[in-house]
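# predicted model and sequence below, questions to follow.
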Amino acid sequence: MAKSTSKPRRAPTRSRSARPSQAEAEEAVRTLLRWAGDNPAREGLLDTPRRVVKAYREYFSGYDLDPSQILKRTFEETDGYDEMIVLKDIRFESHCEHHMAPIIGRAHIAYLPRKRVVGISKLARLLECYAKRLQIQEKMTAQIANTLNDELQPRGVAVVIDASHHCMTTRGIHKPGSSMITSRMLGAFRTDASTRREFLAFIGLPPSSIGTGS
Ligand SMILES: Nc1nc2c(ncn2[C@@H]2O[C@H](COP(=O)(O)OP(=O)(O)OP(=O)(O)O)[C@@H](O)[C@H]2O)c(=O)[nH]1
Ligand SMILES: [Zn+2]
């Protein structure tokens, strides 16, 4: 195979200074409006670029958050609590990186603490931090589990996400009602079937619905 002489591709930068300005982002929206066949100068569309950019700032606010920082504050006075901790049915909205279309669903996050626990809202914040980025569901599921595992070093982590992809429901193949389920099991959730079953029971899934294949 011929050796490639092309320059290595630079990793995408996340630094704020490298971002286009607000004016440039609004101009890009005007271009899309013209491309769609409309007139960005008509009264109803005059404020649309500003609104779209404001909405995008919200949809993609996760790039400005540091996921590990979210889990930095932990509590050790738990009287030795070492049972499963589950936050279930956490609603979220994300956007797929292929079409920038909404992904809307629910996440269930669990861990088996080792000595310390984290404030429960931080699990939802961790989810938000990754959801408010361009995503594929598999990656988001793994990112949440891996960050929890790295930061808390618990005995196990489980993440299940069940979500509807608007790129599949409102365009393309048009399958409204379909949803995608992903899971990532680490530590005891991966190696111990009874731990996994207990978690699945907590989130209302049948015991054999999610295996680990290992
Ligand atoms: N695995 C996975 N696929 C996703 C996710 N979000 C969107 N997709 C899929 O990404 C794929 C992109 O496929 P392409 O063939 O490049 O794009 P496309 O022509 O718009 O595909 P269609 O959606 O089939 O019309 C589609 O099959 C989407 O359903 C996700 O979170 N995980
Ligand atoms: Zn998509």
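Structure received. Ligands and ions are numbered 1, 2, ... in the order given.
# who touches the helix or strand of the chain with the lowest mean pLDDT?
Ranked by mean pLDDT, DSSP states H and E, the weakest helix or strand in the chain is strand 74-75, scoring a mean of 95. If you take CB atoms under 8 Å, 6 or more residues apart in numbering as the criterion, strand 74-75 is touched by 116-119, 152. In short, each C-beta sits where N, CA and C put it, glycine included.
# could you do stretch 187-206 as well?
Residues outside stretch 187-206 that contact it (CB under 8 Å, 6+ apart): 84, 86, 88-89, 108, 110, 112, 149, 154-158, 160, 185, 207, 209-210, 212, 214.
# okay, now the residue in the chain that ligand 2 sits nearest to: neighbour count?
Residue nearest to ligand 2 within the chain (CB to the ion): residue 167, separated by 2.8 Å. When neighbours are counted by other CB atoms under 10 Å, residue 167 registers 16.
# doesn't residue 99 make contact with it?
Yes. Contact criterion CB atoms under 8 Å: residue 167 and residue 99 qualify, at 4.0 Å.
# low-confidence regions, this protein specifically.
Filtered on pLDDT under 70, the chain yields the residue ranges 1-17, 213-214.
# which stretches of it form helices?
Using DSSP state H, the helices of the chain run over 22-36, 48-59, 67-70, 121-131, 137-152, 166-169, 188-191, 193-202.
# redo these as a markdown table? Include distance to residue 103.
What follows is the helices of the chain, written out as a markdown table (distance: least, CB to CB, whole Å):
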| stretch | distance to residue 103 |
| --- | --- |
| helix 22-36 | 21 |
| helix 48-59 | 11 |
| helix 67-70 | 18 |
| helix 121-131 | 8 |
| helix 137-152 | 6 |
| helix 166-169 | 7 |
| helix 188-191 | 24 |
| helix 193-202 | 22 |
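# between those, which one is nearest to ligand 1?
helix 137-152 (3.6 Å; CB to the nearest ligand atom).
# would the closest one count as contacting ligand 1?
Yes. With CB under 6 Å from any ligand atom as the criterion, ligand 1 is reached by helix 137-152 at 137-138.
# how about the contacts made by the residue positioned nearest the centre of the chain?
Residue closest to the average C-alpha location in the chain (CA atoms, centre = their mean): residue 131, at 3.0 Å. Residue 131 makes contact with 62, 92-94, 103, 140, according to CB under 8 Å, 6+ apart.
# which among the residues you listed end up buried?
62, 92, 94, 103, 140 (16 or more other CB atoms under 10 Å).
# among the residues you listed, which lie within strands?
Among those, the members falling in strands are 92, 94, 103 (criterion: DSSP state E).
# would you mind measuring from the nearest residue to the first one once chain neighbours are set aside to residue 51?
Same thing as residue 92. For residue 92, ignoring the flanking residues on the chain, the nearest one in space by CB to CB, 6 or more residues apart in numbering is residue 131 at 4.4 Å. Going from residue 131 to residue 51 by CB to CB, to the nearest Å gives 21 Å.
# same question, residue 113
With the distance defined as CB to CB, residue 113 ends up 43 Å from residue 51.
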